[in-house]
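*Asks:* Build me a model from this:
(one chain, ligands or ions: 1)
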Amino acid sequence: MAEFVTIKNLHKNFIKDSVPIKVLNGVNLTVNKGEIFGVIGFSGAGKSTLARCINRLETPDSGQIIVDGTEILSLSDKELRKKRKKIGMVFQNFNLFESKTVYQNIAYPLAIDGYKKSEIKKKVIEAAEMVGLSDKLSEYPGGLSGGQKQRVGIARALVGDPDLLLSDESTSALDPQTTIQILDLLKEINKKTNITILMITHELDAIKYTCRKMAVLENGEITEEGLVEDIFKNPTSRTGALFAKVFNEMQHTELGDGAGI
Ligand SMILES: Nc1ncnc2c1ncn2[C@@H]1O[C@H](COP(=O)(O)OP(=O)(O)OP(=O)(O)O)[C@@H](O)[C@H]1O
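*Replies:* Okay, here's the model as predicted:
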């Protein structure tokens, strides 16, 4: 399989109260074309920063990010605007415009990009159909469930036909049943379109359900990378071992067994 995203020695510091905080500390990562690849890490590990560096919502301090053969960090502003259209992103909190309808939310990236109305309509209808929201186009986000809101977020991310989707904790605000529906949707879209998906999450079960390969991010470094089943069976990093332990314990806990259930 061809490499689609290649990250080399990526560094990013933030300055907080005049003190630099190392957030990404030499990240190396390769994701192949058409994969759904999981990146797991505890809160504060640098997951969102990593995702935001890939589409340059954050500017890394050093390193390389190559997406589909393009070195992201050396693009001019104009080239970056063009490249970003090929990279969709979905967020934990959906980031929808509450005062716009579902149609207008999905249409937004095309509208600011100057597409013709007729073309916008065609693409929005297609995207809404793909996420199962054809009957909700005139509703407002306030009237939708969390799962439906995330479907709008996914349709908006896909409406411009990107070939990479960055999913930053896209199911973390959802209940388990809705999480599965959204993960099924991502799998279905991946199968249908061969879009490469980078799934960034702290939910190991979401990765287990969706991905074949994964990496563990710990204090801004990839400490482990490989097949999901191998990392579950035989984690070699501290964070990988902790996640696998918690997951396995949850699997073996009978309902009502634990205090407070
Ligand atoms: N714009 C910023 N300015 C200063 N510090 C930041 C900024 N963005 C992130 N950080 C810090 O960088 C660290 C990593 O944040 P990041 O959001 O990437 O982690 P994360 O793994 O996604 O965590 P979470 O799952 O809690 O969102 C945190 O300590 C955070 O406070």
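
*Asks:* confidence score at the closest residue to residue 85 other than its chain neighbours?
*Replies:* Excluding its sequence neighbours, the residue lying closest to residue 85 (Cβ to Cβ, 6 or more residues apart in numbering) is residue 160, at 5.0 Å. C-betas here are computed from N, CA, C, even on glycine. For residue 160, the model assigns a pLDDT of 94.

*Asks:* With residue 232 instead?
*Replies:* Per-residue confidence (pLDDT) for residue 232: 86.

*Asks:* Surely it touches residue 207?
*Replies:* No - counting by Cβ atoms under 8 Å, residue 232 sits too far from residue 207 to count as a contact (9.4 Å).

*Asks:* Secondary structure element holding the residue nearest the centre of the chain?
*Replies:* For the chain, residue 167 is the residue whose C-alpha lies nearest the centre (Cα atoms, centre = their mean; 1.1 Å). Residue 167 is part of strand 164-168 when elements are defined by DSSP states H and E.

*Asks:* Give me the residues contacting that strand.
*Replies:* 4-5, 47-48, 51-52, 54-55, 67-68, 86-92, 157-158, 186, 189, 195-201 (Cβ atoms under 8 Å, 6 or more residues apart in numbering).

*Asks:* who has more neighbours, residue 232 and residue 207?
*Replies:* Relative neighbour count places residue 207 above the other of residue 232 and residue 207, with 27 against 17, counting by other Cβ atoms under 10 Å.

*Asks:* Not counting sequence-adjacent ones, nearest residue to the more buried one?
*Replies:* Using Cβ to Cβ, 6+ apart, the closest residue to residue 207 is residue 38 (3.5 Å).

*Asks:* So which residues of the protein form strands?
*Replies:* Listed in chain order, the strands of the chain (DSSP state E) span residues 3-16, 19-32, 36-40, 62-67, 70-71, 87-91, 164-168, 196-201, 213-218, 221-227.

*Asks:* Would you reformat those as CSV and include distance to residue 134 and mean pLDDT?
*Replies:* What follows is the strands of the chain, written out as CSV (distance: least, Cβ to Cβ, whole Å; pLDDT from 0 to 100):
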stretch, distance to residue 134, mean pLDDT
strand 3-16, 30, 95
strand 19-32, 31, 95
strand 36-40, 25, 97
strand 62-67, 31, 97
strand 70-71, 34, 96
strand 87-91, 19, 95
strand 164-168, 21, 97
strand 196-201, 23, 97
strand 213-218, 33, 95
strand 221-227, 37, 95
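
*Asks:* Redo the ones you listed as JSON lines? Include distance to residue 177.
*Replies:* Output for those, formatted as JSON lines (distance: least, Cβ to Cβ, whole Å):
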{"stretch": "strand 3-16", "distance to residue 177": "31"}
{"stretch": "strand 19-32", "distance to residue 177": "28"}
{"stretch": "strand 36-40", "distance to residue 177": "20"}
{"stretch": "strand 62-67", "distance to residue 177": "33"}
{"stretch": "strand 70-71", "distance to residue 177": "39"}
{"stretch": "strand 87-91", "distance to residue 177": "19"}
{"stretch": "strand 164-168", "distance to residue 177": "18"}
{"stretch": "strand 196-201", "distance to residue 177": "17"}
{"stretch": "strand 213-218", "distance to residue 177": "23"}
{"stretch": "strand 221-227", "distance to residue 177": "27"}
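
*Asks:* neighbours of the spatially closest residue to residue 201 that is not a sequence neighbour, just the number please.
*Replies:* Take residue 201 and drop its neighbours on the chain: the residue closest to it by Cβ to Cβ, 6+ apart is residue 169, 5.6 Å away. By other Cβ under 10 Å, 19 other residues sit near residue 169.
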